[in-house]
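1. Next comes the sequence, and after it the predicted model I'd like to discuss.
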Amino acid sequence: MIAHLRVAACGLALCGTFLAAFSAGPAVRADAVAPPAPGMERLYGGSLLQAAAAGDLYASLALLRAGAALYETDTEGRTPLLTAAASGAPNLLDALLAAGVRRGDTDAAGNNALHLAAAAGDIYTVRLLKLRDYDLGSMNPAHETPMHLAASAGHLAAVRGLMSLGADPVASKGDRFFSPVIAALQAKKYDVSALFRALGTDLGSHFAAGYGDIGALEEYERTNPNELTKVDRMMRHAVHNAADAGQVEVMRWFIQRGHSFTQASQDGMNPVQSALHLDNREMLELFFESGLSLLYRDSTAYGNTLLNMAVLNNNPGQLEWFLDKGVPVGLANTRGNTALHTAVEQDTYPIAKILIARGAPVNTKNERGATPLHLASEKGATALASLLLDSGADIASRDTSRRQPLHLAVQGGHIALARLLIERGADVQFREKRGYTPLHIACERDDEPAATLLIASGADLTVGDERGHTPLHVAAAVPARKCFALLLSKGADPNAGDKEGRTPLWPALEGDHLELAQALVNAGAKTSHVTPAGRTPMFPAVRGKSDKAAKWLVANGLTVDAVDKEGRTVLHEAAAYGEIDTVRFLLAGGAPVNPLDAQGRLPLHLAAERGNVLSVKVLVDAGADYEKPDAAGRLPIHYAAARGHWGPCQVFILRGRQVNLPDGDGNSPLHLAAESGQQRTVKLLLGRGADFTARNAAGKSALDLLEASVSEGRKALGRSPAEAAVHQGRETTLLFLRAVLLDETRQAVLRGDAGFLARILDVMPAAARSKTLGLTPLHLAARAGDMKCLETLLAAKGDPNAPSDTVDGNTPLHEAAAAGTHEAARRLLEAGASAPLQNAHGKTAAAVAREAGYQELGVLLAAGETDS
């Protein structure tokens, strides 16, 4: 009994000491605590940790005095200090801190003493630790502060207390925003989130909807209805967040208030799609109850049906659920794809099997005319193709390019599937839109196994495409030679002609495949063959990237001076398409340098049009007549200028070619370069003396043609990138040419060349009212007293009252007054110049004249002020 009284007395003394210490601030000192009852240090096996865990304050203090281990840990990694914090023992905690234990220890989860006190909702201990300088913003490895733990545990008083102590309610770290408010919402502690809102931390309706906080939504409905319709930067409403989080009751709440569940956000997603993706059938059921149509299509560019989306989610259970609901199995999206199309595209055999078993039509065509079998053939899905064929798929169905499934299987290199289709009766001779049979396609890909299969299955080696090209023509155009060799070995005719009479030698030579051409000759192809248009194999040979083919043909007896029925020679062809070595070879072999074709063009015309400056130089050095016009009166320089080929233009100019000679329509090279927007060439021609005032036979200047082409281009809609680049070139050339004319106008006035000024203004009347360096041409003429230029500018409607854009703000009359040019001033007054007008300094022209010492002129101008 005496021992018990002694323990009680000790406890009372300790509590009094602790309360005094907490209110005053200093830590409890060991010598300020009454001695514990004898023998208590032997309780709990001498373990301070166990005593603290048991909540036995007196035993804990006795063990602490007896020197028990301070850092023993339990299975959660908690020391006596952490255990005291977690179990609501502030007096023991304070004694431990006074004893000097490590303050920064954390448990296995990384929580310190303040975290654990907050998690326990012990605001008294939290305040004690704050007084002992614990950091309210400290975070555990999960990026949680003490307030996070208090909020997620639903401790209202602790949260309020932490806020009063200065804890941050939106503290978050890491890539994901996770504040104490989120912690409360995540734990469904909605009373805590309401407290945060009341204290000024409101995350808005999107978070409330996503975490199921209907109370918050009702609060917004009462106090701030606009919050419920706010959108984020992706144009998502709170209802989208509810769908993404699977919050069915929140969704019901929104629907009951008239919110749409089919409205898409900026990324094309809506709540229906979210529910589908999550396979949230409870929410989908809610949508059906609320009016969602079984024929629903989503808001994406594909307009997918519910079945399409179930297939895309690879969710057979969801698919069958929709089918059981009554969604038509053959319903197609806006691209014409049924769920079966989508299943084949996704290569999901089990789903395709379900759809077919549920009655899916197997021959429906999408917007490209493709059936599911087309798609299976394109992907090489042999098992799916077999399933479709077994279910009645049409093996001869054609898409919008007239391709049958076999064409697509061969195009994709799917030999096993091609074999299956052939075994099931696919037509190996059928020609698609270009006239290609499956064998043409195999040869285009140089797919020898496919070609072998097709030939073995009866493919015709002689059938031609829409141009008359046989499979051998196609194989000869391909660098690889496996199919080429196969066709020759199977007896393909090396002399078969296409619709223009060209044999397989032509594509081989045009493609620079000399080895294939030689193999054709070895197989019997005739190098002496001439097409109905009069073309020999030399014509395609000179188009290659080297002169080897041309040399080989000449060695085999062909000539370099061959001419077709249009008068076009081999040299014409080389100049238009070939390389410089080929041009040199032909000239060295005696090809005539100046033959005319049916349009009167020389090889030089074609080289200039192509822009190959080396070919142009070689031809000119060989005696090509660069002064020879074609039937339309165009010289080689006209061809080069129209295409913007700066180099050839420079060659002709340096050879003495006059840059202002017109073609048959009166167009100079400058007209043609300007009209097509070739700024660099326009600059070259102007620098070489091109006359920008010249007019063509239709009375148009180079500027007129350029402005017309720019105006037309601005009206065009849906330009291709190439067309947009051409238009941009014209726009920049127009700016450049106008700037040149404005500068020439200024220079003409400065040098007093009224005649040239008149020619410029005839081409560009607006130049009379333009300003360069702040002055109009009329300012300059008035200052100089140049009456001829002045009259020319006034005749072109130059403005006698235009103020300058300089600091003086003078009109032309002010300039005449300052320079003392009496006649100019008189003529300006006659032309309507206003004498009372003031410049930027508030001075009239009369005042300016008097200041400049021109008293007589000042009197004249002052009289003009009176008259006005």
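-> Now that the structure is in, tell me what you want to look at. Keep in mind that what you see is a predicted model, and the values were worked out from it rather than measured.
2. If we ignore the residues flanking it in sequence, what's nearest residue 466?
-> With sequence-adjacent residues excluded and distances taken as Cβ to Cβ, 6 or more residues apart in numbering, residue 466 is closest to residue 435, at 3.7 Å. From N, CA and C alone the C-beta is placed, and that goes for glycine too.
3. now that neighbour: how far from residue 388?
-> Distance from residue 435 to residue 388, counting by Cβ to Cβ, to the nearest Å: 27 Å.
4. So between those two, which is more surrounded?
-> Taking neighbours as other Cβ atoms under 10 Å, residue 435 and residue 388 compare with residue 388 leading, 27 against 15.
5. name the element the more buried one belongs to?
-> If you go by DSSP states H and E, residue 388 is part of helix 382-390.
6. Can you name the next helix or strand after that helix?
-> helix 405-411.
7. who does that following helix touch, helix- and strand-wise?
-> Here helix 405-411 touches helix 372-379, helix 415-423, helix 438-444, going by 3 or more Cβ pairs under 8 Å, 6 or more residues apart in numbering; DSSP states H and E.
8. Now do the helix holding residue 388: which elements does it pack against?
-> Packed on helix 382-390, when contacts are counted by 3+ Cβ pairs under 8 Å, 6+ apart, are helix 349-357, helix 372-379, helix 415-423.
9. Please identify the deepest-packed of these.
-> With neighbours defined as mean count of other Cβ atoms under 10 Å, the helices and strands packed on helix 382-390 peak in mean count at helix 372-379, which reaches a mean of 28.
10. quick check, distance from it to the centre of its chain.
-> Relative to its chain's centre, helix 372-379 lies at 30 Å (Cα atoms, centre = their mean, to the nearest Å).
11. Likewise for stretch 671-680?
-> Per Cα atoms, centre = their mean, the displacement of stretch 671-680 from the mean C-alpha position of its chain is 32 Å.
12. May I see the buried residues of that stretch?
-> Residues 671, 672, 673, 674, 675, 676, 677, 678, 679 are the ones in stretch 671-680 that count as buried (16 or more other Cβ atoms under 10 Å).
13. Check stretch 76-92 too.
-> The neighbour-count check on stretch 76-92 (16+ other Cβ under 10 Å) flags 78-92 as buried.
14. From the residues you listed, pick the one nearest residue 281.
-> Comparing the buried residues of stretch 76-92 against residue 281 with Cβ to Cβ places residue 86 closest, at 42.2 Å.
15. got the contact list for the nearest residue to residue 701 once chain neighbours are set aside?
-> Spatially, and ignoring its direct neighbours in sequence, residue 701 is nearest to residue 763 (4.6 Å; Cβ to Cβ, 6+ apart). Applying Cβ atoms under 8 Å, 6 or more residues apart in numbering to residue 763 gives the contacts 692, 693, 701, 703, 704, 741.
16. Let's see that with 6 Å instead.
-> For residue 763, the contact set (Cβ atoms under 6 Å, 6 or more residues apart in numbering) comprises 693, 701, 703.
17. mind checking the end-to-end distance for stretch 373-387?
-> 9 Å (Cα to Cα, to the nearest Å).
18. Could you check how far the nearest residue to residue 214 once chain neighbours are set aside is from residue 816?
-> Leaving aside its sequence neighbours, residue 214 sits nearest to residue 253 (Cβ to Cβ, 6+ apart; 5.6 Å). If you measure residue 253 against residue 816 using Cβ to Cβ, the figure is 82 Å.
19. Settle it for me: which of these two has more neighbours?
-> The residue with more neighbours, out of residue 253 and residue 816, is residue 816; 35 against 19, by other Cβ under 10 Å.
20. Can I get whichever strand or helix holds that one as PDB, trimmed to CA atoms?
-> In the assignment (DSSP H and E), residue 816 maps to helix 812-819. Taking C-alpha atoms only, helix 812-819 is exported to PDB below (Å, rounded to 0.1, in the frame of the first residue of the first chain):
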ATOM      1  CA  PRO A 812       6.300  70.100-100.100                       C
ATOM      2  CA  LEU A 813       5.400  73.800 -99.800                       C
ATOM      3  CA  HIS A 814       7.500  74.100 -96.600                       C
ATOM      4  CA  GLU A 815      10.400  72.500 -98.400                       C
ATOM      5  CA  ALA A 816      10.100  75.000-101.300                       C
ATOM      6  CA  ALA A 817      10.000  77.800 -98.700                       C
ATOM      7  CA  ALA A 818      13.000  76.600 -96.900                       C
ATOM      8  CA  ALA A 819      15.000  76.300-100.100                       C
END
